[in-house]
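Colleague: Quick one: sequence and predicted model below, then my questions.
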Amino acid sequence: MGISPVLWQFLTKWLTTSALWPQEASTIAPWADALYIFLWLVTLLGLVLVGALLLVFSIKYRKEKSPVATQIEGSTLLEATWTIIPLGIFLFVFVWGAWLYFRIYNPPADAMQVYIVGKQWMWKAEHPGGQHEINALHVPIGRPVQLTMISQDVFHSYSIPAFRVKREVIPGRYTTVWFNATKEGTYHLFCTQYCGTLHSGMIGDIVAMAPEDYQRWTEESTSGMSLAQNGERLFASMGCNSCHNGNATAAGPNLAGVSGSKIRMDDGTVQVATDGWLRDTILNPSQHVPLGYKPIMPTYQGQISEEGLIDLVEYIKGLKTNYRVQQTLDTSKSNDAAPMVPEKVTQ
Amino acid sequence: MSTIVSLPDQATAVVPKKNYITAEHGLLSWLLTADHKRIAMLYLFSITFFFFIGGFFAGMVRLELLTPAGDLMAADTYNKMFTMHGIVMIFLFLVPSVPATLGNFFIPIMIGAKDLAFPKINLLSWYLYMAGGIFVLTTLVLGGVDTGWTFTTPLSTHYLNTHVVTTATAIFIAGFSSIFTGLNFIVTVHRMRAPGMTWFRLPLFVWSNYAASVLMVLGTPVLAIAIVLVALERTLGLGVFDPAKGGDPLLFQHLFWFYSHPAVYIMILPGFGVISEVISTFSRKRVFGYTAVAFSSVAIAVFGFFVWAHHMFIMGVSNYSALVFSLLTMLVAVPSAIKIFNWAFTLQKGSITFETPMLYAFGFIGLFTIGGLTGVFLGSLGMDVHLTETYFIVAHFHFVMVGGMLMAFLAGIHFWWPKMTGRMYPEGMSKFAAVVTFIGFILTFFPQFIVGYLGMPRRYAAYPAEFQVLNVLSTAGATVLGVGYMLPIFYLAWSLKYGAIAGNNPWQATGLEWQIQSPPLTENFLETPIVDHEAYDYEWLERKTQRELQHVG
């Protein structure tokens, strides 16, 4: 008796290539899977319990065996039991889930930075070293990687199932997510927030590589200009340096060491200079006037792309002590690696 | 002395010549009626129509997903299919399903009233619903809409060229239909209960519809606001949600889910009510812990308003607000668990029979247990990160909405069909349909949990090949499910003419609706009943039946 070719194809091709459990390829994945398995055990327990009650009562008290019902008002003890036990289980799940959530969304301090810009319908990745990728992301294994993400248009969502991480990518604000890949390989990248026509085409590859392969990849793929260098160039060409030139008498505040610091504002509030805050001050400067300065900075809304903003943010973040005010830019020299910590101004 | 009109029972019964169906004739007598029962029937026909429209879209979605490539239709067409499926099913089927049909028909009778408090507003509700439905159909004819039922900004406001405003109008209008229905129920339950019908003698169906009504009245206006803002932003360029104009796109999410999460309870609570009635009737026993079941409905309604941000855990809300919303989400799961166990223990020491409504109710309990517990997965913060926006969430809410609500609706339709039409549905056929529906449902939606955990995102027209086997199973299941839903249309229509005559109380149930003739008179009761017993008091029913037998004998 021969097996039908269609069935044979189904058995060999489909079943062998089909997946039932996602790969575990990040440090978070085993933790997420543990909670997932626990939750299914709870579900199974609930289902078996309810199913058994229905089955046993249905057999024992069916009309043939139990022609007359015995009326029961209720039972406070029983009801308290099935209020408190589920509540206890749910609270336990809450604590476990919250712990995992904080782990997923609070990056370690030493995480490597990559910027992601989402747009209909592609993912752009910007590495600080000047590597640009579309619909792909190369990362080393064994090292925390933090993604700072923003959308140019609608909501997107950056999802890497094999790492069990995902975060919405929103227009107008940075969101972040981090992971630490554990296994070399190529994994799916999906946009999971519906974003229009080619939503299902907004996919890509996450390539997790051994550190030395990653090193080689970085060297081969660099565009020659780091993000900070691009930012420095923009800083000059947009005229930022005419006010933010680091002089005590300048119209704009000195930006050295601003990133990450607390800044006292004109209206008395204290704001923390996060990446998102830096971006927002460029676009909406009138809402972020530091104490002692006049609200004279013009808005740059609509004049800089999200990539440009990332370059500027990356540049400003690198301004540790003081900075060189670059009046003329010689692009021919920019292939020399720019110092991540700019030189001190010698005036 | 029983004040309730007694008429002959099933064995000798004929369909009474005078009833709400025969009271008047002609199309206009239906279109201009103020009788809650006739309006309920108008709703029943209209929601069934829209159910099959929505079902068609679901079928197209499943057909496209049979193969990994997006080969059946263009990506835009696929996006329209799932959008129209969601909009039609939620706003034109699930929200009005039980309240506007069974609730409309039975709440006044259950509390011993002649009609709802505002009969004409009740008719207006149906017209508003139909106006909303016509706007949806117009959208369809004009070429559809592809925002997804969630209308996420700025996609819906700035990036799509489809008929967003027409659809928004439809939802806005249909929203008022449910606000008016809710208002009508609230006033009716407060003001029109028969003498002796205290709050704690109300059938649980009334309690759960009352809780759902409160949600409708308080929640729907927020949806209306959100949808108007979307329309204004789209047409006039208002900058409420547009970050380029200083707006906040997350604000839309807050407004939308402030309605749309309670909307889940608007959809499921009336279903809970049906299940309480059915389980009690077919086990001949009062509902175990009546008060707990009644108050758990209220608790769900109250907590239901404070969990909306659990749809936004990955959207960059503060970690600490996520913490609060996750905790509240866990709390809202508890009343549902209480209900499940109370229903199970209602069976204990009962005298159980297994007619079709009971089969659907069993199906409901099983599927809702899975649906509810998988909701706990999603309420758990860290787990939600991986599961949200995948097929896991699609499977979860279909277990609740289709496995739960639709099963409850079908249980209710079969349970009250004899009362609504005076005829019995064919038992064998309908049991078969119930089993087919159950099997089809499991086959359709269970694989989606697995494919969701694998990471397959929702709303994808094309997907990686390794997800195909699970999708093929799901599509196969949808075919079976489709058959399960077509069957009742045929045998229920058949039963209108050929079904056995039901008599007043074919199930020997205790509710006031079962003490009057089937189908009821336009005025429901010849004289206002005086209620001297609690809900589900089968001993009272027995005493009453004996007394009547003596009278007749």
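Modeller: Structure's in. What do you need? Residues are numbered from 1 along each chain as shown, chains lettered A, B, ... in the order given.
Colleague: Just the element for residue 37, please.
Modeller: Assuming you mean chain A. Per DSSP states H and E, residue A:37 falls inside helix A:29-60.
Colleague: Chain B, not that one
Modeller: helix B:36-64.
Colleague: That helix near chain A anywhere?
Modeller: No - Helix B:36-64 does not reach chain A (C-beta under 8 Å from any C-beta of the partner chain); its nearest approach is 10.4 Å. Glycine gets a C-beta too; all of them are placed from N, C-alpha and C.
Colleague: mean confidence for that helix?
Modeller: Helix B:36-64 shows a mean pLDDT of 96.
Colleague: Can you name every helix or strand that that helix contacts?
Modeller: If you count contacts as 3 or more C-beta pairs under 8 Å, 6 or more residues apart in numbering or on different chains; DSSP states H and E, helix B:36-64 packs onto helix B:27-31, helix B:75-87, helix B:104-110, helix B:119-142, helix B:407-421, helix B:468-498.
Colleague: again, only using 10 Å
Modeller: Helices and strands touching helix B:36-64, by 3 or more C-beta pairs under 10 Å, 6 or more residues apart in numbering or on different chains; DSSP states H and E, are helix B:27-31, helix B:75-87, helix B:95-96, helix B:104-110, helix B:119-142, helix B:164-191, helix B:407-421, helix B:468-498.
Colleague: From the chain's centroid, how far away is the last one?
Modeller: Just to be clear, that refers to helix B:468-498. Centroid separation between helix B:468-498 and its chain, computed with C-alpha atoms, centre = their mean, to the nearest Å, is 18 Å.
Colleague: when you scan the helix or strand encompassing residue A:114, is anything in it near chain B?
Modeller: Element membership for residue A:114, per DSSP H and E: strand A:112-119. No - using C-beta under 10 Å from any C-beta of the partner chain, we find that strand A:112-119 stays clear of chain B, coming within 10.8 Å at best.
Colleague: follow-up on the earlier one: so the helix holding residue B:37 versus helix B:75-87, what angle?
Modeller: In terms of direction (axes from the mean of the first three to the mean of the last three C-alpha atoms, to 10 degrees), helix B:36-64 departs from helix B:75-87 by 150 degrees.
Colleague: Could I get the buried residue list for helix B:36-64?
Modeller: B:36-44, B:46-48, B:50-55, B:57-62, B:64 (16 or more other C-beta atoms under 10 Å in any protein chain shown).
Colleague: quick one: which of the helices and strands packed on helix B:36-64 is nearest residue A:45?
Modeller: Closest approach to residue A:45 among the helices and strands packed on helix B:36-64 (C-beta to C-beta): helix B:407-421, 22.4 Å.
Colleague: List every C-alpha atom in the closest one, with coordinates, as PDB.
Modeller: Output of helix B:407-421 as PDB, limited to C-alpha atoms (Å, rounded to 0.1, in the frame of the first residue of the first chain):
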ATOM      1  CA  MET B 407     -21.100  29.800  22.800                       C
ATOM      2  CA  ALA B 408     -23.100  31.700  25.400                       C
ATOM      3  CA  PHE B 409     -25.100  33.500  22.700                       C
ATOM      4  CA  LEU B 410     -26.000  30.100  21.000                       C
ATOM      5  CA  ALA B 411     -26.800  28.600  24.400                       C
ATOM      6  CA  GLY B 412     -29.100  31.500  25.000                       C
ATOM      7  CA  ILE B 413     -30.700  31.400  21.600                       C
ATOM      8  CA  HIS B 414     -31.500  27.700  21.900                       C
ATOM      9  CA  PHE B 415     -32.600  28.100  25.500                       C
ATOM     10  CA  TRP B 416     -35.100  30.900  24.800                       C
ATOM     11  CA  TRP B 417     -36.000  29.900  21.300                       C
ATOM     12  CA  PRO B 418     -39.200  28.100  22.500                       C
ATOM     13  CA  LYS B 419     -40.200  31.200  24.400                       C
ATOM     14  CA  MET B 420     -39.400  33.600  21.500                       C
ATOM     15  CA  THR B 421     -41.100  31.600  18.800                       C
END
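Colleague: Just confirm yes or no for that helix near chain A.
Modeller: No - Helix B:407-421 lies apart from chain A when judged by C-beta under 10 Å from any C-beta; the minimum separation is 14.1 Å.
Colleague: tell me what that helix is packed against?
Modeller: Applying 3+ C-beta pairs under 10 Å, 6+ apart, we find helix B:407-421 packed against helix B:36-64, helix B:104-110, helix B:249-283, helix B:356-379, helix B:427-453, helix B:468-498.
Colleague: Convert the helix or strand hosting residue A:9 to CSV, retaining C-alpha atoms only.
Modeller: Under the criterion of DSSP H and E, residue A:9 resides in helix A:5-9. The C-alpha atoms that make up helix A:5-9 are tabulated as CSV, following Å, rounded to 0.1, in the frame of the first residue of the first chain:
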residue,chain,number,x,y,z
PRO,A,5,2.3,11.7,-2.5
VAL,A,6,0.5,14.6,-1.1
LEU,A,7,0.4,13.1,2.3
TRP,A,8,4.0,12.1,1.9
GLN,A,9,5.0,15.6,1.1
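Colleague: Rounded mean pLDDT for it, please.
Modeller: On average, helix A:5-9 scores 75.
Colleague: distance between the helix or strand in which residue A:316 is found and the chain's centre?
Modeller: For residue A:316, the element it lies in under DSSP H and E is helix A:306-317. Distance, stretch centre to chain centre, for helix A:306-317: 18 Å (C-alpha atoms, centre = their mean).
Colleague: Is it in proximity to chain B?
Modeller: No - Helix A:306-317 does not reach chain B (C-beta under 10 Å from any C-beta); its nearest approach is 11.5 Å.
Colleague: And stretch B:532-548, what's buried?
Modeller: B:534, B:535, B:536, B:537, B:538, B:541, B:544, B:548.
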